[in-house]
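A.B. asks: Give me coordinates for this.
(chains A, B, C and D)
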There are 2 protein chains.
Amino acid sequence: MTSNAKQGENSVPHPDVPGRPCSAAAALQLVGERWALLAIREIFYGNRRFDRIVRNTGAPRDRLAARLRALEEAGVVERRPYSERPLRFEYHLTGAGLDLAPVMHALLAWGDRWAVDAPPVAFRHRGAPGSDHDAEHDLDPVTMCRTCGEEARSGGLTIDVRAPGWDRAGPIEGV
Amino acid sequence: MTSNAKQGENSVPHPDVPGRPCSAAAALQLVGERWALLAIREIFYGNRRFDRIVRNTGAPRDRLAARLRALEEAGVVERRPYSERPLRFEYHLTGAGLDLAPVMHALLAWGDRWAVDAPPVAFRHRGAPGSDHDAEHDLDPVTMCRTCGEEARSGGLTIDVRAPGWDRAGPIEGV
DNA sequence: ATGGGTCGGTTTGAAATTCCAACTGTCATG
DNA sequence: CATGACAGTTGGAATTTCAAACCGACCCAT
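C.D. replies: Modelled structure (predicted):
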């Protein structure tokens, strides 16, 4: 669980994970700490300055400062100066950060369904202009398979563990 | 941030969240603690017994016991006896738990792309028998909009904050 | 019946992390 | 010169986490 710094082609460090080798665990290692995703949410919303993020997430200032540093180190956010004199920074999402949108949408959809009475926020969605669906409507996210265009139903999925020494049930004995 | 217990129609308690009212924050309140999603991952994989989950997640036993209790309380997992004498339980996902699949897929996809060298696990996907795409292939999850059938591109989305007293930027002044 | 092994935890005490409130430093504005 | 905005940092207390050992119920083999 040492936070090593193997670099992929895309400048995000590859964390070690406890237990089973797993991309979701690796993802959580980078963005799963407390306050991290809420900070990212605010940046998604366009609130890029420290005080705004503190106010809108409710995070303690020192924790937020630490999280933003960690996220910067993780290559998920980027700190850009918006003023010299006094030197001030704002936080932007990198490509990796923007790529968290599906995670946010999935969490939001789950929370809408299971964790709140009425959705406190919705995303209004409009297809490409001229397309069939250019009327604005609430986004209702479903995860589909890009390869075949069908919905990912749990029934149609099987697990294929490729990490050496592991299978679905756990570490393979006698290795 | 008191963990109140308003019940929705579906038996999952609705947590209070710090900062902006937000379904994603509410979701994280229930399943965002350390080890929670990894435990859920193992249950998804069919590893339902305590020792297996400990082994495959690497979580400390006491933490895992606490997390599973919290997830049970949150209505995400269910404890079912699989043996009397000695009395033993295994953990199953409830409807709310199964509904976390899109979150897991999104995290996994993000991790595959940004946090590991080579995906340690893939989901093999097969469409409905007789459909166009019944050849097995790796699931490549994309989030689409159920309403219009188009991909949720960040360009086509705008935020609509419906929580009273809040807007995109934060709490509305003078309320 | 004794000793070992399994399973699902609980207990303990130390270590790490988090929280809160106050503080700092730099600058702009009036 | 005083006030306020902004972006943190600091200190100390409170909470959470961790690792490792332990426990109780049971099964099985000797």
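A.B. asks: need the next SSE after the helix or strand containing A:Arg69, C-terminal direction.
C.D. replies: Element membership for A:Arg69 (DSSP states H and E) is helix A:61-73. From helix A:61-73 onward toward the C-terminus, using DSSP H and E, the following helix or strand is strand A:77-83.
A.B. asks: And the helix or strand just after that following strand, what does it pack against?
C.D. replies: Sequence order places strand A:88-93 as the next helix or strand after strand A:77-83, per DSSP H and E. Secondary-structure packing of strand A:88-93 (3 or more CB pairs under 8 Å, 6 or more residues apart in numbering or on different chains; DSSP states H and E): helix A:36-44, helix A:50-57, strand A:77-83. Glycine gets a C-beta too; all of them are placed from N, C-alpha and C.
A.B. asks: deepest of these, which one?
C.D. replies: Using mean count of other CB atoms under 10 Å in any protein chain shown, the stretch among the helices and strands packed on strand A:88-93 with the largest mean neighbour count is helix A:36-44, at a mean of 25.
A.B. asks: Please tell me how far that helix is from the chain's geometric centre.
C.D. replies: A distance of 9 Å separates the centroid of the chain from that of helix A:36-44, by CA atoms, centre = their mean, to the nearest Å.
A.B. asks: can you tell me if it touches DNA strand D.
C.D. replies: No: contact of helix A:36-44 with DNA strand D is not found when judged by CB under 7 Å from any atom of the strand; the minimum separation is 11.4 Å.
A.B. asks: that older thread, alpha carbons only: can I get the helix holding A:Arg69 in CSV?
C.D. replies: This file holds the C-alpha atoms of helix A:61-73, laid out as CSV (Å, rounded to 0.1, in the frame of the first residue of the first chain):
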residue,chain,number,x,y,z
ARG,A,61,-10.1,24.2,5.3
ASP,A,62,-7.0,22.2,6.2
ARG,A,63,-8.5,18.9,4.9
LEU,A,64,-9.6,20.5,1.7
ALA,A,65,-6.1,22.0,1.2
ALA,A,66,-4.6,18.6,1.7
ARG,A,67,-7.1,16.9,-0.6
LEU,A,68,-6.6,19.4,-3.4
ARG,A,69,-2.8,18.9,-3.1
ALA,A,70,-3.3,15.1,-3.3
LEU,A,71,-5.6,15.5,-6.3
GLU,A,72,-3.1,17.7,-8.0
GLU,A,73,-0.4,15.1,-7.3
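A.B. asks: That one vs helix A:36-44, what angle?
C.D. replies: Using axes from the mean of the first three to the mean of the last three CA atoms, to 10 degrees, the inter-axis angle of helix A:61-73 relative to helix A:36-44 is 80 degrees.
A.B. asks: Contacts for helix A:61-73, please.
C.D. replies: Contacting residues not belonging to helix A:61-73 are listed as A:13, A:30-31, A:33-36, A:39-40, A:50, A:53-54, A:57, A:59, A:77-79, A:91, A:97 [CB atoms under 8 Å, 6 or more residues apart in numbering or on different chains].
A.B. asks: Mind checking the pLDDT average for that helix?
C.D. replies: Helix A:61-73 shows an average pLDDT of 98 in the prediction.
A.B. asks: And it, how far out from the chain middle?
C.D. replies: 15 Å.
A.B. asks: Stretch A:61-81 now?
C.D. replies: Computed by CA atoms, centre = their mean, the chain-centroid distance of stretch A:61-81 equals 14 Å.
A.B. asks: list the buried ones in it?
C.D. replies: Within stretch A:61-81, the residues that qualify as buried by neighbour count (16 or more other CB atoms under 10 Å in any protein chain shown) are A:Arg63, A:Leu64, A:Arg67, A:Leu68, A:Ala70, A:Leu71, A:Ala74, A:Gly75, A:Val76, A:Val77, A:Glu78.
A.B. asks: Also near DNA strand D: which of those, exactly?
C.D. replies: Cross-checking the buried residues of stretch A:61-81 against DNA strand D (CB under 7 Å from any atom of the strand) gives A:Leu68 as the overlapping residues.
A.B. asks: Tell me the helix or strand right after the least confident helix or strand in chain A by mean pLDDT.
C.D. replies: In chain A, the helix or strand scored least confidently by mean pLDDT, DSSP states H and E is strand A:6-7, which has a mean of 48. Tracing the chain past strand A:6-7, the next element assigned as helix or strand by DSSP H and E is strand A:13-14.
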